[in-house]
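Asker: I would like the atomic coordinates for the input below:
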Amino acid sequence: MKQFELLRHRSIAELRGRSRLGIDADTLTRAARILDDVDRNGESAVRRWSEQLGDRTPDSPLIIDADVCRQALESLPDGELEALKRAHSRIESFAVAQRASLADLELDLPAGRAGHEITPIATAGCYAPGGRYPLPSSVLMTAVTARAAGVERVYVASPRPTAATLAAAALGRADAVLAVGGVQAIGALVNGIAGLDYCDVVVGPGNRWVTAAKQLVNGRVRIDMLAGPSELMVIADDSADPAWVAADLLAQAEHDPDAVPMLVTWCSKLPEAVERELERQLADLPTADIARRAMNNGGLLTVDDPEEAVAAADAMAPEHLQLSTRDPRDLLTRCRHYGAAFLGHHSAEVFGDYGAGPNHTLPTGGTARFSGGLWVGTFLRTRTWLDLDPSLPAFSRLVADTEVLADLEGLAGHRRAASIRRDRMKKFRSPW
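Answerer: A predicted model of the protein is given here:
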């Protein structure tokens, strides 16, 4: 087996072993300390921590209102403005279609009627990273989706927000931007500060501190997911262009030194060709230092056939699964675990990053085995209702069954609450 410098050989066992998220105990402990301070001291704690950690200076605004965001939108160069608007339109169209696919329900039961209604959460907090690479695309993915779900109040939190970040917030119709990041930002969104209402859901990607904070507040509010390093698995056959495959792997690798770019193939000639392309493209890639480090996390898995490639994908459950093969749809029908799939040679993962339509906030670290990406449903709740009719014959049967089950569980009060509606049904009248 030929060894490569960038495409290091991996096994399915290695893929399965890495597929678990985890926040180290020290990060959780320190994050809990900051959250506790924000819980107890509110805005003053948010200001103190944000200044101490370099998010802002004492004289910079803590909250940026919607008017300032709109001014930032209007000040963008035409090319940037139009690209953001088109991305917004594609993301919104997909999210609106998702919402339209979800309907209220009403049906007849033997003893009456029942149903559910799907309603939006009232207030959403949308986090967008602002460190090495500010991500206005993440603002669009979260805020636009929240609005499509019908959320009443939407706040964006991002440290040192750029004009593009503020412009994206304006396009997403955010009510305000909290110019703070990290644990203190999550604490502020959960508690509400400086005129911002507390949030019912907090979403969006972030570093390990943001992830730790979201883990700690989960249950007090809804969160979308715990995000780990970004992942891409490219499954490619002999129809794939080595230059395209290399470009896709490097696009993933430049995200972060901890990113995980993987190539899986049963084509014996492809790995060497991709290795050459990786070296050639790294020569003039501005983010080459980061990308080279990230390539050490991923690598190459050579398999005997497509079935073994599917087994590799299911073992890793990657955030992004790119199928650069002759018949990607057929291959996809056999894959069970992935965050988002990109079908065919032209459906590069980067188009998903920048607003082709589906959301780019996706499960990592193997959590795609049991969860999906952010979507309008993240901002919705399903509430059921029951309307029973005592004149129906099945009502008496329901009472009897309730009595049996209440006796089985030893809950006499439950039994009585059911029995009284049968025993006194003819005598019922409102005392008022």
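Asker: Only C-alpha atoms from now on, for both contacts and neighbour counts.
Answerer: Fine.
Asker: how about the strands of the stretch 251-400 of the chain, start to end?
Answerer: Here the stretch 251-400 of the chain has its strands, by DSSP state E, counting those that start in this stretch, at 260-265, 299-302, 320-324, 340-343, 380-388.
Asker: Would you format the ones you listed as a markdown table with distance to Gln98, mean neighbour count and mean pLDDT included?
Answerer: Converted to a markdown table, those look like this (distance: least, CA to CA, whole Å; neighbours: other CA atoms under 10 Å; pLDDT from 0 to 100):
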| stretch | distance to Gln98 | mean neighbour count | mean pLDDT |
| --- | --- | --- | --- |
| strand 260-265 | 29 | 26 | 97 |
| strand 299-302 | 35 | 22 | 96 |
| strand 320-324 | 20 | 26 | 98 |
| strand 340-343 | 15 | 22 | 98 |
| strand 380-388 | 12 | 13 | 98 |
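Asker: Give the closest residue to Gly373 in space, chain neighbours not counted.
Answerer: Excluding its sequence neighbours, the residue lying closest to Gly373 (CA to CA, 6 or more residues apart in numbering) is Leu362, at 4.1 Å.
Asker: ditto for Val245
Answerer: That would be Val274: by CA to CA, 6+ apart, it lies 6.8 Å from Val245.
Asker: Touching, that neighbour and Ala247? I think so.
Answerer: No. With contact defined as CA atoms under 8 Å, Val274 does not reach Ala247; the gap is 9.2 Å.
Asker: out of these two, which sits in the more crowded spot?
Answerer: Val274 (22 against 17; other CA atoms under 10 Å).
Asker: which residues touch the more buried one?
Answerer: Listed by CA atoms under 8 Å, 6 or more residues apart in numbering, the contact set of Val274 reads 242-243, 245-246.
Asker: Of these, which is the nearest to Arg208?
Answerer: Ala246 (27.8 Å; CA to CA).
Asker: and the closest one, what does it touch?
Answerer: 274-275, 277-278, 281.
Asker: One more pass at 7 Å, please.
Answerer: Contacts for Ala246 (CA atoms under 7 Å, 6 or more residues apart in numbering) come out as 274, 277-278.
Asker: now His414
Answerer: His414 touches Ala406, counting by CA under 7 Å, 6+ apart.
Asker: could I get the strands of the stretch 251-400 of the chain as CSV with distance to Arg70?
Answerer: Formatted as CSV, the strands of the stretch 251-400 of the chain follow (distance: least, CA to CA, whole Å):
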stretch, distance to Arg70
strand 260-265, 37
strand 299-302, 44
strand 320-324, 33
strand 340-343, 32
strand 380-388, 27
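Asker: ok so, going back, which of the contacts of Ala246 fall in helices?
Answerer: Judged by DSSP state H, the contacts of Ala246 include 274, 277-278 as members of helices.
Asker: What is the nearest of the contacts of Val274 to His345?
Answerer: Val245 (8.8 Å).
Asker: and the closest one, how many neighbours does it have?
Answerer: Quick note: Val245 (other CA under 10 Å) scores 26 neighbours.
Asker: ok, longest helix in the protein?
Answerer: When the chain is scanned for its longest helix (criterion: DSSP H), the result is helix 78-100.
Asker: buried sites along that one?
Answerer: 81, 84-85, 87-96, 98-99 (16 or more other CA atoms under 10 Å).
Asker: tell me the contacts of the residue nearest to Gly373?
Answerer: 319, 339, 372-374.
Asker: go with 8 Å
Answerer: 227, 319, 339-340, 372-374.
Asker: Then Gly377?
Answerer: 99, 149.
Asker: Equivalent analysis for Trp266, please.
Answerer: Here Trp266 is in contact with 236-237, 302-306, 309 (CA under 8 Å, 6+ apart).
Asker: same deal with Ala128?
Answerer: Ala128 neighbours (CA under 8 Å, 6+ apart): 134-136, 138-139, 156-158, 204-206.
Asker: can I get those in JSON lines with secondary structure and distance to Ala146?
Answerer: Shown next, in JSON lines, are the contacts of Ala128 (DSSP: H, G, I helix; E, B strand; the rest coil; distance: CA to CA, whole Å):
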{"residue": "Pro134", "secondary structure": "coil", "distance to Ala146": "20"}
{"residue": "Leu135", "secondary structure": "coil", "distance to Ala146": "17"}
{"residue": "Pro136", "secondary structure": "helix", "distance to Ala146": "15"}
{"residue": "Ser138", "secondary structure": "helix", "distance to Ala146": "12"}
{"residue": "Val139", "secondary structure": "helix", "distance to Ala146": "11"}
{"residue": "Val156", "secondary structure": "strand", "distance to Ala146": "11"}
{"residue": "Ala157", "secondary structure": "strand", "distance to Ala146": "14"}
{"residue": "Ser158", "secondary structure": "coil", "distance to Ala146": "17"}
{"residue": "Gly204", "secondary structure": "coil", "distance to Ala146": "11"}
{"residue": "Pro205", "secondary structure": "coil", "distance to Ala146": "15"}
{"residue": "Gly206", "secondary structure": "coil", "distance to Ala146": "18"}
